[in-house]
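**Q** I need the structure of the sequence given here:
(chains A, B, C and D)
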Protein chains: 2
Amino acid sequence: MTASRTARERVRAELTREITEIARRQLATEGAGGLSLRAVAREMGMVSSAIYRYFPCRDDLLTTLIIDGYNAVGAAVEQAEADCPRDDHLRRWLAACEAVRDWAVAHPHEYALIYGSPVPGYQAPPDTVAARVRDVTVLGRIVSDAWQAGAMRTPTTEPPPALEAEAAGFRELMRGVPDSVIWQAVSTWTALYGWVNFEVFGQFQNAIEDRRTAFRHSMRLLAETLGFAQ
Amino acid sequence: MTASRTARERVRAELTREITEIARRQLATEGAGGLSLRAVAREMGMVSSAIYRYFPCRDDLLTTLIIDGYNAVGAAVEQAEADCPRDDHLRRWLAACEAVRDWAVAHPHEYALIYGSPVPGYQAPPDTVAARVRDVTVLGRIVSDAWQAGAMRTPTTEPPPALEAEAAGFRELMRGVPDSVIWQAVSTWTALYGWVNFEVFGQFQNAIEDRRTAFRHSMRLLAETLGFAQ
DNA sequence: CGTTCGTCAAGAGCAGTGCTCTCGTTTCTT
DNA sequence: AAGAAACGAGAGCACTGCTCTTGACGAACG
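**A** Below you'll find the predicted structure:
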């Protein structure tokens, strides 16, 4: 956002911001399906059709919220990891995991929007990738750092040859790390989100009460498997 | 379903079945949000209000589909596991995992309905629990069998004391198994669904192509952590 | 300074939704 | 055979996303 020149551009930017804010609040209370352009307009004292001056369709508003969501969880993970001593890789990993969980529990509907079932008929535009990879970038850097520092055990199981070509994208995230560790990291990464999914989507209801403690223990088990040297 | 007495009851049961079938087909193509009572009625040549004679509201139809979904994945897991030699616990585990994944990939929208973001404003009634636990019951039995047979390693990390009381529900699924193994199993179980979530919800797009191979490798790593002896 | 052009809010309207109510008709029960 | 229950059809309500037109305002240009 450069310094807005004309007054018209300024009020336009302000109104756009206000729309997304109200939409995010509605999303938090009603969920993605209950997000209504007309309700947003009503709350702003506008008529529904006026919203379309700012967002051509409902999906565009959703895209904005999705990008914001990815950035929010990404920023939370980056912040939590940055607060840890650089050479304590295990702690950095656990802090990053817990940041994901805490953000998701605090913003369940936003989390559902980005990591839950895709909204029907909605196709995420490529603009979202930049924001989407922030969290996994952090996780990749931790693994990379730990490996470079010689603070990781080598997995006993090698990936099958068919996965040789598949690891390309992940090798950029974890430079210098052998494939066996890369796949171990991917597996652990999906396990993290598996837990968060179950917790946020209510699969642990009537099964686990102290979910934070259980989560921490699970992440510790996973980190052990990943091979952080104590 | 007892033998239907009157002709009216028979046609009612038949129509109810046909409604759910059409609804399931719509669900498969449009997703949960695009499931429309009016469209179902249209396809049946009925008027929309007539549907309400059979399902008082849309959520009740959803509940039926959800129960069917849990039963479908549960049956798939039970079948796959039953086809394995009883003493090959690792193979039983991997077969069960792959059954979950294969069913989910084949029925993405139904999977999203039961394991994805909860549909807004919908509260799953208690009728669903019986069907919901079928898959995890199988997984629990495998762990239990393996432990009884002395075919599992003991985890090195003990769960924190705060989880003592939390494991109650899981102990019934895995009788005679120590808590350390129980939590390891829970962690592995969520990891399985974490992978399936990522795959079904498109998080692996442009990242992993040969997802079946990658899935198998990941499950093998997880099973190793769980401690199945070779 | 005045005009023109682009932007904007408003309103009506379309097609679709879940759901309710009423009204005859059919079917089962007594 | 008479009463009761269940049923399909239809109209209607409140809501949705979205489109089109209309009239007003503000900024830039001649």
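**Q** What strand or helix carries the closest residue to DNA strand C within chain A?
**A** Residue nearest to DNA strand C within chain A: residue A:49 (2.9 Å; CB to the nearest atom of the strand). For glycine as for every other residue, the C-beta is placed from the backbone atoms N, C-alpha and C. Residue A:49 belongs to helix A:48-51 when assigned by DSSP states H and E.
**Q** if you average pLDDT over the next helix or strand after that helix, what comes out?
**A** With elements assigned by DSSP H and E, the helix or strand that comes after helix A:48-51 is helix A:58-82. Average pLDDT, helix A:58-82: 96.
**Q** Which elements pack onto helix A:58-82?
**A** In this structure, helix A:58-82 packs against helix A:7-30, helix A:89-106, helix A:108-115, helix A:129-132, helix A:134-148, with contacts taken as 3 or more CB pairs under 8 Å, 6 or more residues apart in numbering or on different chains; DSSP states H and E.
**Q** Please identify the deepest-packed of the ones you listed.
**A** Mean neighbour count (mean count of other CB atoms under 10 Å in any protein chain shown) peaks for helix A:108-115 among these, with a mean of 23.
**Q** I would like the residues contacting stretch A:154-169, please.
**A** The contact list for stretch A:154-169 (CB atoms under 8 Å, 6 or more residues apart in numbering or on different chains) reads A:178-184, A:227, B:206-210, B:213-214, B:216-217, B:220-221, B:224.
**Q** Let me know whether residue A:39 touches residue A:27 as I believe.
**A** No. Using CB atoms under 8 Å, residue A:39 is not in contact with residue A:27; the gap is 11.1 Å.
**Q** Now which of the contacts of stretch A:154-169 would you call buried?
**A** Neighbour counting with 16 or more other CB atoms under 10 Å in any protein chain shown marks A:178-184, A:227, B:207-208, B:213-214, B:216-217, B:220-221, B:224 as buried within the contacts of stretch A:154-169.
**Q** Could you check which residue of chain A lies nearest chain B?
**A** Closest residue of chain A to chain B, CB to the nearest CB: residue A:194 (1.8 Å).
**Q** Test my guess that that residue contacts residue B:199.
**A** No. In this structure, residue A:194 is not within contact of residue B:199 by CB under 8 Å, at 11.3 Å.
**Q** Walk me through the domains of chain A.
**A** A:1-56, A:73-226 (automatic domain parsing).
**Q** Reformat these into JSON lines and put distance to residue B:108 next to each item.
**A** Below are the domains of chain A laid out as JSON lines (distance: least, CB to CB, whole Å):
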{"stretch": "domain A:1-56", "distance to residue B:108": "17"}
{"stretch": "domain A:73-226", "distance to residue B:108": "9"}
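**Q** per-stretch mean pLDDT over these, give me the minimum one.
**A** domain A:1-56 (a mean of 88).
**Q** Would you mind listing what in chain A touches DNA strand C?
**A** A:8, A:12, A:15, A:45, A:46, A:47, A:48, A:49, A:50, A:53, A:54 (CB under 7 Å from any atom of the strand).
**Q** still on that earlier bit, what about the helix holding residue A:49 and DNA strand D, touching?
**A** Yes. Legend: contact between helix A:48-51 and DNA strand D by CB under 7 Å from any atom of the strand is shown at A:48, A:49.
**Q** gap between that helix and the chain center?
**A** Centroid separation between helix A:48-51 and its chain, computed with CA atoms, centre = their mean, to the nearest Å, is 31 Å.
**Q** List the buried residues for it?
**A** residue A:51.
**Q** of the helices and strands packed on helix A:58-82, which approaches residue B:132 most closely?
**A** helix A:108-115 (19.1 Å; CB to CB).
**Q** Which residue, neighbours along the chain excluded, lies closest to residue A:134?
**A** Take residue A:134 and drop its neighbours on the chain: the residue closest to it by CB to CB, 6 or more residues apart in numbering or on different chains is residue A:74, 2.6 Å away.
**Q** Please apply the same query to residue A:102.
**A** Closest to residue A:102 by CB to CB, 6+ apart is residue A:76, at 7.3 Å.
**Q** Could you check how many residues crowd around that neighbour?
**A** 22 (other CB atoms under 10 Å in any protein chain shown).
**Q** go on, residue A:60?
**A** 13.
**Q** ok, now the one 5 residues further on?
**A** Using other CB under 10 Å, residue A:65 has 21 neighbouring residues.
**Q** Identify the residues contacting it.
**A** So residue A:65 contacts A:20, A:23, A:24, A:27, A:110, A:113 (CB under 8 Å, 6+ apart).
**Q** Identify the residues contacting the first one.
**A** So that's residue A:20. Residue A:20 touches A:61, A:64, A:65, A:68, counting by CB under 8 Å, 6+ apart.
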